[in-house]
Each structure stands twice: as C-alpha cells, then as structure tokens.
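Asks: Sequence plus the predicted model coming up.
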Amino acid sequence: MGFAPGGQNRRLEAGLSGSDNALSQLRREMPVASFQEDADFISRHTELVVLDGRRPAVVAVAPLWQGRVMTSSPTGPAGGSLGWVNRPFIESGRRNTAFDNYGGEDRLWLGPEAGQFALFFKPGDGFDQSLWQTPPALHVGPFDVTGRGKTSLALAARLAVTNYSGATFECALQRIIDVLTRDRMAAALGVTIPADLSAVAFSSVNTLANIGPDPWKRQTGLPSLWLLGQFNPLPEGFVIAPHLGGPPSKRAPMPFGEYFGAVPPERFALKRGYSLFKVDGCFRSKIGIAPGRACNLIASFDPRAPMLTIVQFNLPSAAAMLPYVNSRWEEQQDPFAGDAVNSYNDGAGAEKGFYELETSSPAAQLGVNESIIHVHTTFHFTGPAKPLFRLAGDVLGVDLRKVRF
C-alpha cells in the first residue's frame, strides 16, 4: 500500500527506490482509500467507533466484529487508511464461513490453530486447508462495549471453545483499545520520535480468564491469546523480524519458515540479528520465531510510501522457559514448543491479498477465575526517508538502506 502524508510524495534515498516516475506509477496502480472512505464504507455494514481524541491520529473499531481495530491514519480522516479492509467479503453479507474475514489491523483469536490441541480443526480431521474452520465464537459473536472515551474503548465477551482433543474452555475476554500520545509512543519504544514524522499508535490490552468449573491443564491442552493485524500487501516491501543471536537449541531454534511448505530464499532470509520476509500477498507462506529467540517486536517497511509499521508486545522475561502453543499444521511432538511472533503472507494476489503481523501470549495454564493479559501495540510512522531510517535503526537495529534478501 502506498501512502503519502498530506498528499505529497516523498523521495527515497538512492538504493531503496527506483525513479520518481516508477514510484508514481506504482502509486497510481494501487490507489489508497482514505480513512474516511473506509470508515464510511464499514459504517454502512456495522457499527463503527472512531477514536479521534489524538488528532490528527484516528483509529476505527468495530465492536460487533469481535471488537477488532479496522483501520487507522496518522493524518486525520483525509489521510490514507492503513488497515486491510476486505470489501468484497463485507459487501457479500456472508456469515458463518470458514473465516468471516472482515480484515482489520488488530483482531483477537485464541490459539493453537493446529496440532492435537487445535482450536481450528475438528477431532479426527486432517490438517488440510479444506477442513480448517475458525471457531464461530471467534469470528461471529459481537463484543459488548463496556466503556468508551475519545481515545479508548473497552469491550468484553464470554464464549466457549472446544479443542481437537475434546477439552472445552469457558472464557471471559476483555479488550481495551487505547490510542497513544507521541510521548507514550516514544516511551514505549525507548526512542525519540523525529518531529517530521507523522504517527499513529494504538494498544490493545487483552485479558483471557478461565470462568469454567475446572482448572486448565497441559494434559488436555491450553489456549493462548493470539493477536493478528492484517495490512495491505507490500509489492516492494518486507517484514523485518528481529531475533536473538547464538547457536540453535531446543529452546531457541532459528526462525522457522515452512508452515505451508518451503519458502524460496527470495522470500525468506535469515540475516544477522533479524529475518526478512516478503509480504506481497502473492505466495501463501508464514514465518515464526520461538520465544527463546524472539524480541518483543516485529515490523514491516513499505519503501514506496515510505511507511514503517512496528508491532510491540509484552514478551515475558522468562519466555524461553514458558510453554507457547504450537500451531504448526501437523501431529506435533511437542504441542507447547510454539512461536511468540509470526508473520503471514496471503496468496490471493496483490490486489486481493494481505499480510499479517501476529503475536501470542504464553499458554494460559489457569485455575478457576485466574486470568492472563497480553498487550499488542501497533505503530505507524510515515514521512521523509532519512528520519524513518534513523527511527528504524534506533528501534530495530537495522539499517534499511542496506536491507537485501
């Protein structure tokens, strides 16, 4: 997706972009809806709450679509819409499909997806895409609004899900969506944000509680909080996933890129201290980083805009020692050797596809009325290339001018 703050195209430094004519042509080929255009469209199909108390930053939330953040903009209603909005599905009016995919920058699911404790496959089914089914409670039911302000929205729901092994989890879920000030953005990332960058950031504070009659135990599987953001594909961009160095081990395997088969080297590459992943929406693939290797953030960069997107989450200090649910599509040797961070690239084609930035909590081994919290924060920065490069270097430790597959 291309995005030009204030309608002004920004020139990239040599080495990251082609000619101005080529950049302009790319933008013409992939027009960007404004925040207001997407908000108006969504509002014709469901209730939409616009949090606009941090103007020019604006954020839109759909309570009836599981309280997901649909889109945002750092430059007000006329600015570019940054979330992927699945207009064809929304217009179709279909419901109770394998996945009622409305789109959105931040949605709440529960893991694991696959394996012997899967929530997305029925007992006895093979782990095949034709049999994959989102639990209805995670994509059909609404969330109730329990509190509302100009910069925040609180939502809640109660639901039950049953896993592949037959265990049922009675859950209370709460989401608090909060739009951040620039000072809070800087504090969260531990950097100074250049004044000439436009920015929008919002956090979702997600709570999962066990409201059933029995404790949740490893022997019958455990759920986890799984946060996913969908974004428009980046024909010239990529995901940057920082990871810790050191030799591979059982607790710290190297980043994994074969969820749905091998990923070609021009699409997934391990670099020193980070992984690169192509997210053009044209090749179904997924990468994962284990908690013993993960950092507390993942990012993407669109050189055409230019736009830097960062997702930060509350990775526990002892994450390497904690169980994380395994979502690989197979009968698993270790169902609690899963990932803390993922990115997914859709394969529908750049005009229809999307990519995702995903984070997960540890497995929720909860007693009755106990709870776990997972915080997932999305930042978007756009503006001149030089301060974007400086910000990326400060936060990610990566020099975007030198990034190559």
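Replies: Thanks, I have it. Numbering: from 1, shown residues only.
Asks: dump the residue contacts of A364.
Replies: The neighbours of A364, taking CB atoms under 8 Å, 6 or more residues apart in numbering as the test, are 208, 210, 216, 222-225, 372. All C-beta spots, glycine's among them, are computed from the backbone N, C-alpha and C.
Asks: Using CSV, lay out these together with neighbour count, distance to F202 and pLDDT.
Replies: Below are these laid out as CSV (neighbours: other CB atoms under 10 Å; distance: CB to CB, whole Å; pLDDT from 0 to 100):
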residue, neighbour count, distance to F202, pLDDT
L208, 22, 20, 98
N210, 22, 27, 98
W216, 21, 30, 98
L222, 24, 28, 98
P223, 26, 24, 98
S224, 24, 22, 98
L225, 25, 17, 99
I372, 18, 21, 98
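Asks: And Q312, how far from A172?
Replies: Between Q312 and A172 the computed distance is 25 Å (CB to CB, to the nearest Å).
Asks: Of those two, which one has the most company?
Replies: A count of neighbours by other CB atoms under 10 Å puts Q312 above the other of Q312 and A172, at 22 against 16.
Asks: Pretty sure that one sits in a strand.
Replies: Yes. Per DSSP: H, G, I helix; E, B strand; the rest coil, Q312 lies within a strand segment.
Asks: That one contacts F379, correct?
Replies: Yes. Counting by CB atoms under 8 Å, Q312 does reach F379; the two are 7.2 Å apart.
Asks: Need the residues touching each of these two.
Replies: With contacts defined as CB under 8 Å, 6+ apart, the residues shared by Q312 and F379 are L189.
Asks: ok so, going back, return the member of the contacts of A364 nearest to P135.
Replies: P223 (10.3 Å; CB to CB).
Asks: how about F35, phi and psi?
Replies: The phi and psi torsions at F35 (degrees, to the nearest 10) take the values phi -60, psi -40.
Asks: That one: how many residues sit nearby?
Replies: By other CB under 10 Å, neighbour count at F35 equals 28.
Asks: what residues are up against it?
Replies: Residues near F35 by CB under 8 Å, 6+ apart: 58, 60, 71-73, 76-82.
Asks: do you know how far it is from F41?
Replies: 11 Å.
Asks: Burial check on V61, number of neighbours?
Replies: Applying other CB under 10 Å, we find 29 residues neighbouring V61.
Asks: How about it: what's its closest non-neighbour residue?
Replies: V49 (4.7 Å; CB to CB, 6 or more residues apart in numbering).
Asks: My guess is the one you found contacts G67. True?
Replies: No. Contact criterion CB under 8 Å: V49 and G67 do not qualify, at 9.4 Å.
Asks: Show me whatever sits in contact with both of those two.
Replies: Jointly contacting V49 and G67 under the rule CB under 8 Å, 6+ apart are 61, 153.
Asks: Sitting in strands, which of the contacts of A364 do you find?
Replies: 208, 210, 224-225, 372 (DSSP state E).
Asks: could you redo the residues you listed as a markdown table and give each row distance to D280?
Replies: Listed next are these as a markdown table, based on distance: CB to CB, whole Å:
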| residue | distance to D280 |
| --- | --- |
| L208 | 33 |
| N210 | 40 |
| S224 | 29 |
| L225 | 29 |
| I372 | 35 |
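Asks: quick check, nearest of those residues to W132?
Replies: Relative to W132, the closest of those is S224; by CB to CB it sits at 18.0 Å.
Asks: need the contact list for the closest one.
Replies: 110-112, 324-325, 338, 360-364.
Asks: try it again with 6 Å
Replies: 111, 325, 360-361, 363-364 (CB atoms under 6 Å, 6 or more residues apart in numbering).
Asks: now swap in N163 and tell me
Replies: By CB under 6 Å, 6+ apart, the contact set of N163 is 117, 119, 221.
Asks: how close does Y102 get to D40?
Replies: 15 Å.
Asks: Neighbour count: the two, which is higher?
Replies: Between Y102 and D40, Y102 has the larger neighbour count (other CB under 10 Å), namely 23 against 13.
Asks: unless I'm mixing things up, the more buried one is touching G67, no?
Replies: No. Applying CB atoms under 6 Å, one finds Y102 not in contact with G67, separated by 11.7 Å.
Asks: what's the neighbour count on W109?
Replies: 21.
Asks: mind checking the longest helix of this protein?
Replies: For the chain, the longest helix by residue count, based on DSSP state H, is helix 385-396.
Asks: List the buried residues of stretch 179-198.
Replies: The neighbour-count check on stretch 179-198 (16 or more other CB atoms under 10 Å) flags 179-180, 185, 188-189, 193-194, 197-198 as buried.
Asks: Nearest spatial neighbour of V403, chain-adjacent residues omitted?
Replies: Nearest non-adjacent residue to V403 (CB to CB, 6+ apart): L276, at 6.7 Å.
Asks: which phi and psi does the one you found have?
Replies: Main-chain torsions, L276, degrees, to the nearest 10: phi -110, psi 140.
Asks: R54 too?
Replies: phi -120, psi 30.
Asks: Show the pLDDT at the closest residue in space to I90 that isn't next to it in sequence.
Replies: Counting by CB to CB, 6+ apart, I90 lies nearest to H45, which is 5.2 Å off, once chain neighbours are set aside. H45 carries a pLDDT value of 98.
Asks: Now name the helix or strand holding H45.
Replies: If you go by DSSP states H and E, H45 is not part of any helix or strand.
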